[in-house]
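A.B. asks: Structure, please.
(one chain, ligands or ions: 2)
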Amino acid sequence: MIVEVAGVLASSKNVIAFTGAGISAESGVPTFRGKDGLWKKYRPEELATPEAFARDPKLVWEFYKWRIRKILQAKPNPAHYALVELERMGILKAVITQNVDDLHREAGTNNLIELHGNIFRVKCTSCDYGEYLKETGRVNEILSQELPRCPKCNSLLRPDVVWFGEPLPEGALRKAFRLAETADAVIVVGTSGVVYPAAYIPFIVKENGGTVIEVNVQESGITPIADFFCRGKAGEVLPRIVE
Ligand SMILES: CC(C)NC(=O)[C@H](Cc1c[nH]c2ccccc12)NC(=O)[C@H](CCCC/N=C(/NCCC(=O)O)S[C@H]1O[C@H](COP(=O)(O)OP(=O)(O)OC[C@H]2O[C@@H](n3cnc4c(N)ncnc43)[C@H](O)[C@@H]2O)[C@@H](O)[C@H]1O)NC(=O)OCc1ccccc1
Ligand SMILES: [Zn+2]
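C.D. replies: Ligands and ions are numbered 1, 2, ... in the order given. Predicted structure coming up:
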């Protein structure tokens, strides 16, 4: 299987990757649906909504600060670096991710499309203010505030991520769909493939005659259309595909 997949990639000119929480599991970042996905009995879907934030912004901020602290302890793993290597080799054209953990960027991926935002970015709930906390060096300042406020208009700041019921960033979604329409292969890594419209990506590649390669420790919503299903941990399987 691994040799065949490596062969497909070597003979492909236009490969993309589509990743989910599973690629960061070996970095110690909790997945959503895994047994470690729960936070204080809440399922992420319950807190990652505009309604939850309107109802109890303190609770939702506590949830995101908990994840930010977890992610700050995490380092990219060999799966993230294998995708960087494939991009360096000129085989991988882009990484399309559902993850907000910034680990693809940390690993060195250049062409990264974040469909669901980034947990290290915040934006104002009323004016157009927004910042990337790693750039402004205010991660700890935000972590120390119970309810972070906008430096421009003092309204509430919120994590710049896409909540359930909210539209994805139009530019990112259009770019991702266009890449999927022209890709001759997609490497699907560590996603349950149940959150839309992101989960359409592998199906668009398939509909346009591309090859679907999946890496997951178990079957997912994508497996039925996978031409190659590599069962295993991303941090162990991807480096073997690249070497
Ligand atoms: C739950 C689902 C049914 N609901 C949706 O999809 C909804 C509703 C919906 C829309 N269209 C539909 C069509 C059909 C059905 C439902 C819908 N979608 C939305 O609400 C979207 C927004 C969806 C985005 C929500 N935000 C996230 N994240 C950011 C926030 C945050 O992070 O806090 S989604 C979030 O959950 C998802 C989690 O999935 P995965 O990443 O796959 O993680 P999971 O834990 O599920 O699975 C991990 C996998 O890894 C594997 N694994 C584990 N360890 C390893 C390992 N070591 N190696 C390899 N694999 C591994 C496991 O086996 C497993 O398979 C990710 O997308 C993640 O980003 N918005 C919208 O539709 O807006 C409309 C609209 C349009 C115009 C105008 C107004 C409104
Ligand atoms: Zn503001």
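A.B. asks: mind listing what the residue lying closest to E166 once chain neighbours are set aside touches?
C.D. replies: Of all residues not flanking E166 in the chain, P50 sits nearest, at 6.4 Å (Cβ to Cβ, 6 or more residues apart in numbering). All C-beta spots, glycine's among them, are computed from the backbone N, C-alpha and C. P50 makes contacts with 163, 165-166, as judged by Cβ atoms under 8 Å, 6 or more residues apart in numbering.
A.B. asks: and what of F228?
C.D. replies: Under the criterion of Cβ under 8 Å, 6+ apart, the neighbours of F228 are 1, 4-5, 8, 211-214.
A.B. asks: beta partners for it?
C.D. replies: According to DSSP bridges, the residues that bridge with F228 are I213.
A.B. asks: returning to that earlier point: now the contacts of P50: which count as buried?
C.D. replies: The neighbour-count test (16 or more other Cβ atoms under 10 Å) marks W163 as buried among these.
A.B. asks: Out of the contacts of P50, flag the one nearest to E146.
C.D. replies: Proximity to E146 was ranked across the contacts of P50 by Cβ to Cβ; first place goes to W163, at 20.0 Å.
A.B. asks: So the closest one sits against E46, correct?
C.D. replies: No. Applying Cβ atoms under 8 Å, one finds W163 not in contact with E46, separated by 11.1 Å.
A.B. asks: picking that back up, filter the contacts of P50 by proximity to ligand 2?
C.D. replies: Checked against ligand 2 using Cβ under 5 Å from the ion, the contacts of P50 give no members in range.
A.B. asks: hmm, back to that, okay, who's weakest in the contacts of F228 by pLDDT?
C.D. replies: Across the set of these, M1 stands lowest in pLDDT, at 90.
A.B. asks: How about the secondary structure of the residue nearest the centre of the chain?
C.D. replies: Among the residues of the chain, the smallest C-alpha distance to the mean C-alpha position (Cα atoms, centre = their mean) belongs to N99, namely 1.8 Å. Each residue gets one of three states, and N99 gets coil by DSSP: H, G, I helix; E, B strand; the rest coil.
A.B. asks: Torsion angles phi and psi at it?
C.D. replies: In this entry, N99 is assigned phi and psi values of phi -80, psi 140 (degrees, to the nearest 10).
A.B. asks: ditto for R121
C.D. replies: Backbone torsions of R121, given as degrees, to the nearest 10, read phi -110, psi 140.
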